[in-house]
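With the input below, show me the fold.
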Amino acid sequence: MHTSGRTLRLATRGSPLARFQADLVAARLRAADPASAVEVVVVETAGDRRADVPISSFAERGVFVVEVERAVLDGAADVAVHSAKDLPAGAPPAGLVLAAVPDRADVRDALVGRSLATLRPGATVATGAVRRRAQLAAARPDLVFAELRGNIATRLERVPDGGSVVVALAALVRLGLESRAADVLDTAVVLPQVGQGALALRCREDDRDALARLAVIDDVPSHRSVRAERAFLARLGGGCDAPVGAHAAPVDPADPLGALAIEGLVATRDGSTVVRRSATGRDPEALGAGLADAIARSGEGARALAGGWASPA
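Got it, this is the predicted structure:
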């Protein structure tokens, strides 16, 4: 591969997990081209500065994203490295493009503390995600839920007595903490957040050098799957603060450009209504948007969307 000699600057949040993910991207780029010059630029975000505030209470979506991408648009960095699940629904900001999605990690959620089966009635589960809370409440209406924010290490220090915290399995694996998982939740129990387990690399749409270098580490099946999930979320108009989940994957792993299967979910915040539907198709955006429309047209889906997405008073 031809190297321009330019140092490719990767912008990221400063949390240990975010730094690990940026370092992982840098390692992939160097492996693809040993002469590639790469450095990491740390950017503080609103979500990091206000770690005591529930994500759902932020008026602006993308609280872990905006400042990182501004660094790229302003020329202080060349590539924004995100957890794909942190990206707001819809298109990137003007001037940016989703250039690559490296191969995706495990999409499932995990419980740290007690397993779902061994949580006693009335036990506390701590999570800041309304998606997780809604689905766990549907599976176990007897559980009590508590708000939780902070990086992975902080969350693992706050396991309630006799209870659990919920984290993405991919985060535990990336930090070498997978042994802390007491239970890995099947997607039939808790459908993951849109983009969970995937990294999203955005750069300026006119930066041909960055686009070419990122294309080498792009994983086509992962990229297409994330596109389908994000189309589902965008059509519903939700974000990381909404009780919505989705997971897409190739029908035939040997055919990366073939049909995708997607499962999507919307719920009320209390888990009293959970609506799941699935579909298959070849066009990622049409597939995701079509599934969202099918859910919205269903009676239960319409009621969940009408009554379950407003923030609690």
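
how about the nearest residue to Ala123, chain neighbours excluded?
Gly163 (4.6 Å; C-beta to C-beta, 6 or more residues apart in numbering). Just so you know, the C-beta spots here come from the backbone N, C-alpha and C atoms, and that holds for glycine as well.

The one you found touches Pro121, doesn't it?
No: look at Gly163 against Pro121 with C-beta atoms under 8 Å: they stay out of range, at 11.7 Å.

Neighbour count: the two, which is higher?
Legend: neighbour count by other C-beta atoms under 10 Å for Gly163 and Pro121, higher for Gly163 (22 against 9).

if we can go back for a sec, OK, contacts around the residue nearest to Ala123?
Neighbouring residues of Gly163 by C-beta atoms under 8 Å, 6 or more residues apart in numbering: Gly113, Arg114, Leu119, Ala123, Thr124, Val125, Ala126.

how about the residues you listed in JSON lines, adding secondary structure?
Output for these, formatted as JSON lines (DSSP: H, G, I helix; E, B strand; the rest coil):
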{"residue": "Gly113", "secondary structure": "strand"}
{"residue": "Arg114", "secondary structure": "coil"}
{"residue": "Leu119", "secondary structure": "coil"}
{"residue": "Ala123", "secondary structure": "coil"}
{"residue": "Thr124", "secondary structure": "strand"}
{"residue": "Val125", "secondary structure": "strand"}
{"residue": "Ala126", "secondary structure": "strand"}
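
which SS class is Ala200?
Assignment for Ala200 (three-state DSSP): strand.

Sorry, slip of the keys, the one I care about is Arg133.
helix.

and the residue lying closest to it once chain neighbours are set aside, what element?
Residue nearest to Arg133 in three dimensions, not counting chain neighbours: Phe145, with 5.0 Å by C-beta to C-beta, 6+ apart. Take DSSP states H and E as the rule and Phe145 turns out to sit in strand 144-146.

Could you list the buried residues of the helix or strand following that strand?
Next in sequence after strand 144-146, counting helices and strands by DSSP H and E, comes helix 152-156. In terms of neighbour count (16 or more other C-beta atoms under 10 Å), helix 152-156 has its buried residues at Ile152, Arg155, Leu156.

what's the helix or strand that helix 152-156 is followed by in contact with?
The first helix or strand that comes after helix 152-156 along the chain, using DSSP H and E, is strand 164-168. Outside strand 164-168, the residues that touch it by C-beta under 8 Å, 6+ apart are 85, 108-116, 119, 123, 125-127, 129, 132, 136, 148, 152, 155-156, 158-159, 182-183, 185, 192-193, 196-197.

Please give me every residue in contact with Ala77.
With contact set as C-beta under 8 Å, 6+ apart, Ala77 has these partners: Arg9, Leu10, Ala11, Val41, Val43, Val68, Ala71.

among these, which two are most distant?
Farthest-apart pair in the contacts of Ala77 is Arg9 and Val68; separation 11.6 Å (C-beta to C-beta).
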